[in-house]
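Asker: sequence and predicted structure are below.
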Amino acid sequence: MFKKFACYLSLGLLMAPLVAAVEVPLTPAPPLQLSIEQLPGACPEAPASLDADARERLNAFYAQRQYAPVWAVTGQLAALLGQLEGLADDGINPASYQLASLRAWSGQPASDCHEILTSHIYLQALQHLLQGRLPQQQIEPRWQAASPAGAAERVLALAIVGIADLPAAFQQARPSLSQYQQLRTLYAQRRQQPLAEWQALADGPLLRPDRRDPRVPALAQRLTSEGYLPAQTTLDDDLYGAALVAAVRLFQQQHGLQADGVVGAATLEALNVSPAQRLAQLRLNLERWRWLAGDLPGSGVLVNVAAAQLAYYQNFVPVWQTRTQVGRAARPTPLLKSQITRLTLNPTWTVPPTILREDKLPEIRRDLAFLDKHNLRVLDREGHVLDANSIDWNNPGSIQLRQDAGARNPLGQVALRFPNPFSVYLHDTPSQQLFGKGPRAFSSGCVRVEAVMQLVDLLLTPAERERMQSLLASGRTHEFRLSTPLPIILGYWTAEVDGAGQLLYAPDIYARDPALLAALERAQL
C-alpha cells in the first residue's frame, strides 16, 4: 500500500555505478526505523491494532520526516491530547486512545516506543474520523460495485501535513457534510447538558382525539418536557383535546410516525424512549455519517431506508425529496452503492423466487383463480407460457410467474435499475395509499417511490424526456438506457438534523441501533 514511499531507495541503488572502485559504507538505518521494523517486539505494550498495515503506514509516515521524532517537540503531545479529548463531541470515546498512557509518557524520558505508539494513536484517530470508528462491513455491510480507493493514502497525507497544525488536521479529517456537522453540533451541546426526565406512559387502549383517558396528564407532561406542548397550555384534566393532539402530531412527524394524532403502540413506544437512549442515538448516527461521508456523491440519489425517504442531490444539496416504501423487517432493503443506468418503462413483473415460494404458491394452492385475478402468467425458465392446469402446484418445479404491464402491475409505470446482487430497484407502485403511513416498511426489499415520474424527469435531458414519454404512452415494455448514469446510495440512519435545524428521528425498523451502540461501547485501540 505504501511501497511507493520506500521505492526511492531501491531506485537509487539501481542507478549507482556498478564499476565503482571505492566501496561506500552504507548509512546505518535511523534508530526509529529499526524500532518500527522490529515491531511488535520492540514495544511489548503495542495494541492489537498495530498490525502489518499499521506498521507499514508508520514506516511511510516517518520516512517522510527522515525518521525524525514528532512528539518530543514541546507542546506537541499536549496538543494531540486536546484533539483526542475533543473526539467526545464526535461520539467517539477518547479513553479508547490510551489517554492515561499518553499523559504518563509526557512526564517520562523520550523513547522510541512511546514515540511510535503515539504516532499510531494519531494516525488511528484521523482514520476513525475519515472512515468511521468501526469497520462498517462487519456491522452494517453495504454492497458496492467497487471498493473506495485512496482512503489509507488520504489518512497518511493528512497526518504528515497535519503535524504542523493538529487542530486543523483533525478538523479536516471530520466529514464536511452538513448532515454530519449539524448532528455533531447538536450532540456536543446535549451531551454536556443534564438529561431531561420524563415518566414512562402506561400501556392502554388507543388514545384518540376528544377521548378521556387517565394517562392524559402524564402525556401532557411528557410532551411539555421536550417542547412539543407549550408549558402554559391549559388542559381539561383527562381530556385528549385539540392542543394535546396537535403536540402529538408534531411529535409523530419528527419521529417518522403516521401523524394522525392517535396514540397507538408505535407512538407510545417512541414516547417512552429515555433521554439517555435518544442521546446515544445521536452518537451512533454520527458513526453512520462517517461511513457515508467518503462515498456520498455530490449529485445523485440518497435513500434513507430507516426513514423511508429519498432525496435527489446536486452539489451536496437536496433539491427534491419524496417518501418511499421499503422492505419489511423479514425482507429488509439492502444497503448498497451503485449507479442508476436504465429505466424499464411499462415494466412486467417477474415474481422473485422468495415471493413466489412464500407468498404466491400458498395462494395458488388455495385457489387457482388467483392467477387470473392478478393477471399472472406461468412461464418455464426459457420464457414459454405454460398451462396452469397442467402443473402440480405442490411440486411446480422450475417455473416463473410474470405479471404483464398495466395499472395493476406492482411496479407501476416505471422501474429504475442499478447493478446489484440483490435484484432490488426503485419503482412506481399502485399502492399509493401506503405513502401516508409511518413507518413505511411494506415491500419485499425493493424501494417504492412516491411521485416517481418527477424523479425520472430529473434524470433525463429534455430530448430524453420527450422520447421517454412517447415510449411510455405506447403501453409496451421498453428498456430506456440513461445517457449519464446517476449514483445511488441506499443508506440507513435513524437521526438527522433537517435544513431548519430541527432534529428528526426515524424508527429503527431493522433493530440495528443496539448492535451498533454496543460495538461503539466495546471499541478499543
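Answerer: Sure, I can see it.
Asker: you'd agree residue 287 is in a helix?
Answerer: Yes: counting by DSSP: H, G, I helix; E, B strand; the rest coil, residue 287 is found in a helix.
Asker: dump the residue contacts of it.
Answerer: The contact partners of residue 287, taken as CB atoms under 8 Å, 6 or more residues apart in numbering, are 91, 132, 133, 134, 516, 520. All C-beta spots, glycine's among them, are computed from the backbone N, C-alpha and C.
Asker: now these in TSV, with neighbour count, distance to residue 37 and secondary structure?
Answerer: Listed next are the contacts of residue 287 as TSV, based on neighbours: other CB atoms under 10 Å; distance: CB to CB, whole Å; DSSP: H, G, I helix; E, B strand; the rest coil:
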residue	neighbour count	distance to residue 37	secondary structure
91	24	36	coil
132	21	30	coil
133	22	29	coil
134	19	29	coil
516	23	37	helix
520	20	34	helix
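Asker: need those residues in CSV with distance to residue 331 and pLDDT, can you?
Answerer: Formatted as CSV, these follow (distance: CB to CB, whole Å; pLDDT from 0 to 100):
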residue, distance to residue 331, pLDDT
91, 31, 98
132, 27, 96
133, 30, 97
134, 26, 97
516, 21, 98
520, 28, 97
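Asker: Throw the residues you listed into CSV and include distance to residue 198, thanks.
Answerer: As requested, the contacts of residue 287 are exported to CSV (distance: CB to CB, whole Å):
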residue, distance to residue 198
91, 23
132, 32
133, 30
134, 31
516, 25
520, 25
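Asker: and which of those is nearest residue 340?
Answerer: Among the contacts of residue 287, residue 132 lies closest to residue 340 (CB to CB), at 25.7 Å.
Asker: how near is that closest one to residue 61?
Answerer: Distance of residue 132 to residue 61, given as CB to CB, to the nearest Å: 21 Å.
Asker: any buried residues in stretch 410-424, and which?
Answerer: Under the neighbour-count criterion of 16 or more other CB atoms under 10 Å, stretch 410-424 has 410, 411, 412, 413, 414, 415, 416, 417, 418, 420, 424 buried.
Asker: from the contacts of residue 287, which is closest to residue 379?
Answerer: residue 516 (42.7 Å).
Asker: which one is residue 142 nearest to, not counting chain neighbours?
Answerer: Closest residue in space to residue 142, ignoring its immediate chain neighbours: residue 335 at 4.0 Å, by CB to CB, 6 or more residues apart in numbering.
Asker: hmm, I typed the wrong one, I wanted residue 497.
Answerer: Per CB to CB, 6+ apart, closest to residue 497 is residue 182, 3.9 Å.
Asker: circling back: now do the same contact list for the residue nearest to residue 142.
Answerer: Counting by CB under 8 Å, 6+ apart, residue 335 has contacts 140, 141, 142, 143, 305, 490, 491, 492.
Asker: now distance to residue 244 and neighbour count too, for those, in JSON lines please.
Answerer: Output for these, formatted as JSON lines (distance: CB to CB, whole Å; neighbours: other CB atoms under 10 Å):
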{"residue": "140", "distance to residue 244": "37", "neighbour count": "18"}
{"residue": "141", "distance to residue 244": "43", "neighbour count": "11"}
{"residue": "142", "distance to residue 244": "41", "neighbour count": "17"}
{"residue": "143", "distance to residue 244": "45", "neighbour count": "14"}
{"residue": "305", "distance to residue 244": "32", "neighbour count": "24"}
{"residue": "490", "distance to residue 244": "37", "neighbour count": "26"}
{"residue": "491", "distance to residue 244": "35", "neighbour count": "20"}
{"residue": "492", "distance to residue 244": "33", "neighbour count": "27"}
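Asker: tell me where the stretch 151-300 of the chain has helices.
Answerer: For the stretch 151-300 of the chain, the helices defined by DSSP state H, counting those that start in this stretch occupy 151-162, 166-173, 178-191, 216-225, 242-253, 265-271, 275-293.
Asker: of these, which stretch is the most buried?
Answerer: Highest mean neighbour count among the helices of the stretch 151-300 of the chain (mean count of other CB atoms under 10 Å): helix 275-293, with a mean of 21.
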